[in-house]
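J.: Structure for the following, please:
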Amino acid sequence: MCPSLVNGAPAGRAYIIMYLKDKNYFNPPRAAPYLVKIFPKISFSLTWGIMFGKLQHIARSPAIANLLKKGFRMPDTLTTIRNALDSLRNSEKKVAKCVLADPSAAINYSITELAEKAGTSEATVVRFCRSLGLAGYLELRLNLAREMPSAQPIFENVSAADSVAEITGKILSAHKEALSNALHKLNLDDLEQAVKLLAAARSIDFYGVGGSAIVAKDAHHKFFRLGIPCAAYDDPHMQVMSAAQLSAGCVVVAISHTGSTKDIIESARIARGAGAKIIGVVGKNNSPLARVCDLVLSVHSQEAALLLAPMTSRLVQLAIIDVLFVAVAMQDFEGIKDRLDRVKRSLVEKRY
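T.: All right, here's what the predicted structure looks like:
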């Protein structure tokens with residue numbers, strides 16, 4: 001089986017190499033897309049362990065080692081999509097054609113936007129990505145950003161030839177533009193409603209993971225000074241445990257630039273089921289997270305740093321948290337003025 005697979009169809013060889021390049025390829029669940037492609041006619045009566053064992057045997061074979069030594073190159077993502085068109089389901093073909101028609105735009109689409117553009121569902125987009133041997137939609141976006149000649153995956157128009165002064169100017173200008181756009185595009189009615197919910201809340205939970213976790217912690221660092229019981233959770237297990245204990249009168253602020261983070265969406269769904277109100281701080285109204293929120297604060301910013309840590313989106317999120325904090329404080333400033341003063345005085349002995 002090994003020689004025929006390795007020396008056979010280029011697609012089979014490609015998926016074996018892709019499998020080898022996967023950092024988690026010794027994890028059986030991660031092998032699923034590759035098993036389907038490498039063993040398209042394998043009997044599913046075989047146990048998972050036997051199939052995984054066969055794949056491990058191929059991965060360690062001399063023929064594969066020879067391919068790697070010769071510098072075997074994986075086809076780029078767009079070529080892979082074109083080659084796979086005939087084997088895709090009709091619904092997946094719609095996604096493929098949408099990506100091929102405008103790959104630069106696809107880099108910036110949320111999974112919901114791509115699904116709507118293609119006239120399919122988010123689940124179909126995920127199946128399409130897995131049909132290509134990818135872990136999910138984020139991996140597709142990352143691959144496209146890396147391969148598109150016109151894309152700037154590091155940061156907008158920053159190039160390797162730029163001086164430190166030029167990089168500084170470009171990044172700070174992008175941040176300034178993002179904050180200005182947020183000011184003009186933010187729905188002030190929704191913002192006012194969010195302030196009322198937070199001011200009346202019995203407790204507030206802030207949820208965020210990854211880059212948004214920093215924003216959640218900053219929100220807790222501010223809001224607890226107002227005397228409102230609050231907490232920030234960046235661990236998905238802690239989020240769902242806390243969410244399950246909430247009730248009417250509680251508020252959750254779910255923070256996610258993409259609005260596609262599974263853990264945040266699940267935590268928000270559980271909290272809403274328990275009776276809490278959900279405020280989403282998202283990059284786009286049209287996102288999976290937005291659909292489980294009672295109120296959505298869309299703070300769109302073009303996150304240019306696809307391959308680096310979040311930059312512009314994080315700054316805009318932090319700015320919105322500042323606005324919410326100050327606005328809630330102003331709802332009853334006379335009542336909390338003494339509390340804020342005591343907080344400040346408690347820090348006097350901590351500083352020189």
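J.: Please state the backbone phi and psi of the nearest residue to residue 106 once chain neighbours are set aside?
T.: Among residues not flanking residue 106 along the chain, residue 99 sits closest, at 4.7 Å (CB to CB, 6 or more residues apart in numbering). Using the backbone N, CA and C atoms, a C-beta is placed for each residue, glycine as well. Per-residue torsions, residue 99: phi -70, psi -40 (degrees, to the nearest 10).
J.: same check, this time on the one 10 residues further on
T.: The phi and psi values for residue 109, taken as degrees, to the nearest 10, are phi -70, psi 140.
J.: how much space is there between it and residue 140?
T.: Residue 109 is 10 Å from residue 140, where distance means CB to CB, to the nearest Å.
J.: Pick out whichever of the two has more residues nearby.
T.: Between residue 109 and residue 140, residue 140 has the larger neighbour count (other CB atoms under 10 Å), namely 25 against 21.
J.: Next SSE downstream of whichever strand or helix holds that one?
T.: Secondary structure from DSSP states H and E places residue 140 in helix 137-147. Counting by DSSP H and E, the element after helix 137-147 in chain order, helix or strand, is helix 164-185.
J.: How many neighbouring residues does residue 168 have?
T.: Neighbours of residue 168 using other CB under 10 Å come to 11.
J.: now it: how far from residue 182?
T.: 22 Å.
J.: List the buried residues of the helix holding residue 140.
T.: Within helix 137-147, the residues that qualify as buried by neighbour count (16 or more other CB atoms under 10 Å) are 137, 140, 141, 142, 143, 144, 145.
J.: got it, and stretch 330-346?
T.: Result for stretch 330-346 [16+ other CB under 10 Å]: buried residues residue 336.
J.: can I get the CA coordinates of it in CSV?
T.: Once non-C-alpha atoms are left out, stretch 330-346 reads as follows in CSV (Å, rounded to 0.1, in the frame of the first residue of the first chain):
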residue,chain,number,x,y,z
MET,A,330,-21.6,58.9,35.5
GLN,A,331,-25.0,57.3,36.0
ASP,A,332,-24.5,57.7,39.8
PHE,A,333,-21.3,59.7,40.2
GLU,A,334,-22.3,61.3,43.5
GLY,A,335,-23.0,57.8,44.9
ILE,A,336,-19.7,56.3,43.9
LYS,A,337,-17.5,59.4,44.3
ASP,A,338,-16.4,58.4,47.8
ARG,A,339,-15.8,54.8,46.8
LEU,A,340,-13.5,55.9,44.0
ASP,A,341,-11.7,58.2,46.3
ARG,A,342,-11.1,55.4,48.8
VAL,A,343,-9.8,53.2,46.1
LYS,A,344,-7.3,55.9,45.1
ARG,A,345,-6.2,56.5,48.7
SER,A,346,-5.6,52.8,49.3
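J.: Look up phi and psi at residue 102.
T.: Note on residue 102: backbone dihedrals following degrees, to the nearest 10 are phi -150, psi 70.
J.: Run a quick neighbour tally on it.
T.: Residue 102 sits with 11 neighbouring residues when counted by other CB under 10 Å.
J.: same question, the one 3 residues further on
T.: Under the neighbour criterion other CB under 10 Å, residue 105 is assigned a count of 13.
J.: which one is residue 315 nearest to, not counting chain neighbours?
T.: Per CB to CB, 6+ apart, closest to residue 315 is residue 175, 5.5 Å.
J.: contacting residues for the one you found?
T.: By CB atoms under 8 Å, 6 or more residues apart in numbering, the residues touching residue 175 are 311, 312, 315.
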